[in-house]
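# With the sequence up front, the predicted model follows.
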Amino acid sequence: LQRKLELKAENERNWLENWWFNYIYLAERCPSALNVNYYSAIFGDKPLRGSLNQSDSSAKICWLLLQFHESIKNETLVSETMGKQKLCMNQFKTYFSSCRIPGIDMDQFENYQNSKHLVVFYRNRIFYFDVYNSNGQLLHVNEIKYQIDSILSFTQNNQLINNDCSVSVLTTLDRTNWAKIYSQLLTDNVNQKTLTIIQTAIFALTLDDFLPNSKEEISKGTLFADGLNRWFDKSFHIVVFQNGIIGLNGEHSHADAMVVFRMGLFTDSLLDFVNQQAQSIIQIDTNKLKPIELNWNLNENLKNEIIKAKTIFTNLYLNVDLRVLVYSRAGKKIFKSAGFSPDTLIQLAIQLAWYIIYQYPVATYETGHTRLFYHGRTETIRICSKASVEWTKAMLDRNKNANEKLELLKKASEYHINFAKNAMLGQSFDRHFLGLRFLAKENNIIEPLFEHKFFKLVNKFSLSTSNIGTTNSWGGFAAVVEDGYGVCYSIQDDSISLSISNWKHTNKTDANDFANALVESFHQIVNLLNETILLKPKL
């Protein structure tokens, strides 16, 4: 197997790329909506700064995202770097104008280079409009707002008689079932046109009547809601709630979270500019700026499939628990002033929280990027180690003094930093083993190592974690295994925001319990740093 992998690497610039895309994502048959997609509260828990209402906020975020899209198309977006080395920017190329297409055995992912329109979902109706004029210029923000206002007004004054025709809920089904229904939709020309316009849109916008009053409500409303008025196959979907708060739902197969992080920085940098633009008075050609409603031709069988899909997804999302924790006693400044990596201490706090509840360690996945390499995606950073276990046990041992705990913390921290560095430099082993496993599968080779119970144990990530950067927003995903947690976090100067999720049906995990254990973990770490470093009297 190793020799076969070496031969493959000799003939391909990135031997993992197609395997990763096809086997990890497109061949996966579980529903994408909660097993693949992620969410981001891209501007936090407040409406877009300077926005007046839902349509104003929607128009501005659309215009800002289209500016980001333009910077990618025109290759004016400055490349990201790590140290002095540029990082691969390939993931940005397909973030817009893309869609996942369901297949019986394997999905496809399509990118449409010449897209000119947006698609809008509102109250189980779908509209689209071009965002470029006849000269190829991007519309003014107020021209976009006019069309969004038109959609809101028309829909509110022309209610649907039959509210059971939200075809978008079919995108929440398992991929094979959705593919079978999709093939039925394609037999009708009207449905074909609607599907094509949705799939080729630059991105999708949902205007949501919901008024979220908490971070959890924003998160749930963005990650899944009730499955209606979202096309979970789109590369990404902007959700604007009635109070102007904005969320993003992203399909994960083609890109990782750093694209959203960069997009957030870019749009924030232009926010004052778009607010100024929105105050200008322009002549709007109402004859040309007319959003078009999309239609479906649905027979009784398709209508029944939609009703069944609603029931299936309701049972699925009601099984998800999600908690957003903001810890305000520490953040980037305190951890760095104590000489530690903020990411490392958050990861160790997660380890301690698990140990507080369960009293044993588990395999833990942290996402590490490999963008120093051509079309690099990710590698696993394994935080759980002998050093981390010794430290977590010491933190709960009353016989250990503060200095002993600090020394063990330093060892665990050093291990994590070295592992993370090696992972990003391509010197780790998880993706290597993955390649060997794919080769064994393709060649019908039974490798005893991959069937061994310990190999399976260390690859069951009861804790799946991700750091989405130093941003005031937060985001997350559903737990990867049914008896584990999904923990996603962002780091601010003086606080840490964490999204914690679990599946309810096993009764083995509880997001609220884990959040409480995390608070205790952070308290213990901050107290330890204060006692030994930050507040220690200087001689």
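Structure received. Just so it is clear, the structure is predicted and the values come from calculations on it, not from any experiment.
# Low-confidence ranges, the stretch 151-300 of the chain, go.
Counting by pLDDT under 70, the low-confidence segments of the stretch 151-300 of the chain come to 161-165.
# same question but for the chain, I mixed them up
Segments of the chain classed as low confidence (criterion: pLDDT under 70) are 161-165, 537-539.
# If you count residues, where's the longest helix of it?
If each helix of the chain is counted by residues according to DSSP state H, the longest one is helix 402-424.
# Check which element follows it along the chain.
Next helix or strand after helix 402-424 toward the C-terminus (DSSP states H and E): helix 430-442.
# Just the buried residues of that next one, please?
Buried residues in helix 430-442, counted by 16 or more other CB atoms under 10 Å: Asp430, Arg431, Leu434, Gly435, Leu436, Arg437, Phe438, Leu439, Ala440. The way it works is simple: take the backbone N, C-alpha and C, and place the C-beta from them, glycine included.
# now swap in stretch 74-89 and tell me
Those would be Leu77, Leu87, Cys88, Met89, for stretch 74-89 by 16+ other CB under 10 Å.
# Quick check: closest non-adjacent residue to the last one.
So that's Met89. The spatially closest residue to Met89, leaving aside those adjacent along the chain, is Ser79, at 5.7 Å (CB to CB, 6 or more residues apart in numbering).
# ok, now the second one?
Of all residues not flanking Leu87 in the chain, Arg371 sits nearest, at 4.0 Å (CB to CB, 6+ apart).
# That neighbour and Gly264, how far apart?
From Arg371 across to Gly264, the span is 18 Å (CB to CB, to the nearest Å).
# before we move on, what about Ile144?
Distance of Ile144 to Gly264, computed by CB to CB: 20 Å.
# now Ser428
When distances are taken as CB to CB, Ser428 and Gly264 turn out to be 28 Å apart.
# Show me which of those two is the more surrounded one.
Neighbours were tallied for Ser428 and for Gly264 using other CB atoms under 10 Å; the higher tally belongs to Gly264 (23 against 20).
# Where does Ser197 fall, secondary structure wise?
One thing to correct before we go on: residue 197 is Ile, not Ser. Take DSSP H and E as the rule and Ile197 turns out to sit in helix 189-200.
# ok, and what's touching that helix?
For helix 189-200, the surrounding residues in contact (CB atoms under 8 Å, 6 or more residues apart in numbering) are 97, 99, 101, 110, 112, 115, 117, 119, 126, 128, 182, 185-186, 204, 231, 233-234, 294-297.
# Go again with 6 Å.
Under the contact criterion CB atoms under 6 Å, 6 or more residues apart in numbering, helix 189-200 has outside partners Cys99, Tyr112, Ser115, Val119, Tyr128, Leu185, Leu186, Trp231, Leu294, Asn295, Trp296, Asn297.
# and these, which are buried?
So, by 16+ other CB under 10 Å, the buried ones in those are Cys99, Tyr112, Ser115, Val119, Tyr128, Leu185, Trp231, Leu294, Trp296.
# quick check, the third one in a helix?
Read it as Ser115. No: counting by DSSP: H, G, I helix; E, B strand; the rest coil, Ser115 is not found in a helix; it is coil.
# separation between the nearest residue to it once chain neighbours are set aside and Thr470?
If the residues on either side of it in the chain are set aside, Ser115 comes closest to Ser97, at 3.9 Å by CB to CB, 6+ apart. Separation of Ser97 from Thr470 (CB to CB): 29 Å.
# just checking, Phe302 is part of a helix?
One thing to correct before we go on: residue 302 is Leu, not Phe. Yes: the assignment for Leu302 by three-state DSSP puts it in a helix.
# Please give the number of neighbouring residues around it.
Here the neighbour count serves as a burial measure; for Leu302 (other CB under 10 Å) it reads 19.
# Let me see the contact set for the residue nearest to Ser115.
With contacts defined as CB under 6 Å, 6+ apart, the neighbours of Ser97 are Tyr112, Ser115, Ile202.
# ok, of those residues, which one's closest to Asn304?
Nearest to Asn304 among the contacts of Ser97: Tyr112, at 31.5 Å, using CB to CB.
# buried residues in stretch 154-170?
Residues Thr155, Cys165, Ser166, Val167, Ser168, Val169, Leu170 are the ones in stretch 154-170 that count as buried (16+ other CB under 10 Å).
# Take those and keep only those in helices.
Cross-referencing those against helices under DSSP H gives Thr155.
# which residues touch the helix or strand that contains Phe454?
Here Phe454 is covered by helix 453-458, with elements defined by DSSP H and E. For helix 453-458, the surrounding residues in contact (CB under 6 Å, 6+ apart) are Ala363, Leu449.
# Quick check: buried residues in that helix?
In terms of neighbour count (16+ other CB under 10 Å), helix 453-458 has no buried residues at all.
# Kindly calculate the angle that the helix or strand following it makes with helix 402-424.
From helix 453-458 onward toward the C-terminus, using DSSP H and E, the following helix or strand is strand 463-467. If you take axes from the mean of the first three to the mean of the last three CA atoms, to 10 degrees, strand 463-467 sits at 80 degrees to helix 402-424.
# Can you give the strand pairings for strand 463-467, parallel or anti for each?
Within its sheet, strand 463-467 is paired with strand 364-369 (parallel), strand 485-491 (parallel), according to DSSP bridges.
# Report the next helix or strand after it in sequence order.
Stepping forward along the backbone from strand 463-467, the first helix or strand reached (DSSP H and E) is strand 474-476.
# tell me the helices in the stretch 101-250 of the chain, going along the chain?
141-157, 175-185, 189-200, 215-223 (DSSP state H, counting those that start in this stretch).
# residue contacts, Phe129?
Counting by CB under 6 Å, 6+ apart, Phe129 makes contact with Gln147, Pro291.
# Which strand residues bridge it?
The bridge-partner assignment for Phe129, based on DSSP bridges, gives Leu118.
# Check the gap between it and Asp188 for me.
If you measure Phe129 against Asp188 using CB to CB, the figure is 23 Å.
# any idea how far Phe461 is from Ser428?
Note on Ser428: its distance to Phe461, by CB to CB, is 15 Å.
# ok, back up a step: settle this for me: the residue nearest to Met89 is touching Lys86, isn't it.
Yes: assessed by CB atoms under 6 Å, Ser79 is found in contact with Lys86 at 4.7 Å.
# Identify the residue spatially nearest to Val389, adjacent ones excluded.
Leaving out its chain neighbours, the residue that sits closest to Val389 by CB to CB, 6+ apart is Pro361, at 4.9 Å.
# Tell me the bridge partners for Asp321.
Asn502.
# for it, what are its contacts?
Remark: with contacts taken as CB under 6 Å, 6+ apart, Asp321 is in contact with Asn502, Lys504, Ala511.
# ok, the residues you listed vs Ile306, which is closest?
Minimum separation from Ile306 among these (CB to CB) is found for Lys504, which lies at 25.6 Å.
# That closest one: what's it in contact with?
Residues counted as contacts of Lys504 (CB under 6 Å, 6+ apart) are Asn319, Asp321.
# Let me know the distance separating it from Gly475.
21 Å.
# and what of Asn315?
Asn315 is 25 Å from Gly475, by CB to CB.
# more crowded one of the two?
The residue with more neighbours, out of Asn315 and Gly475 and counting by other CB under 10 Å, is Gly475; that gives 30 against 10.
# Tell me the bridge partners for the more buried one.
Using DSSP bridges, the beta-bridge partners of Gly475 come out as Ser40.
# out of everything not next to it in sequence, what's closest to Phe203?
Phe236 (5.7 Å).
# go on, Ala309?
For Ala309, the nearest residue in space outside its immediate sequence neighbours is Val169; the separation is 4.7 Å by CB to CB, 6+ apart.
# thought the one you found was touching Gly227?
Yes: at 4.6 Å, Val169 and Gly227 qualify as touching, with contact defined as CB under 6 Å.
# Looking at the contacts of helix 189-200, which is nearest Arg323?
For Arg323, the nearest member of the contacts of helix 189-200 is Trp231. The distance, counting by CB to CB, is 27.1 Å.
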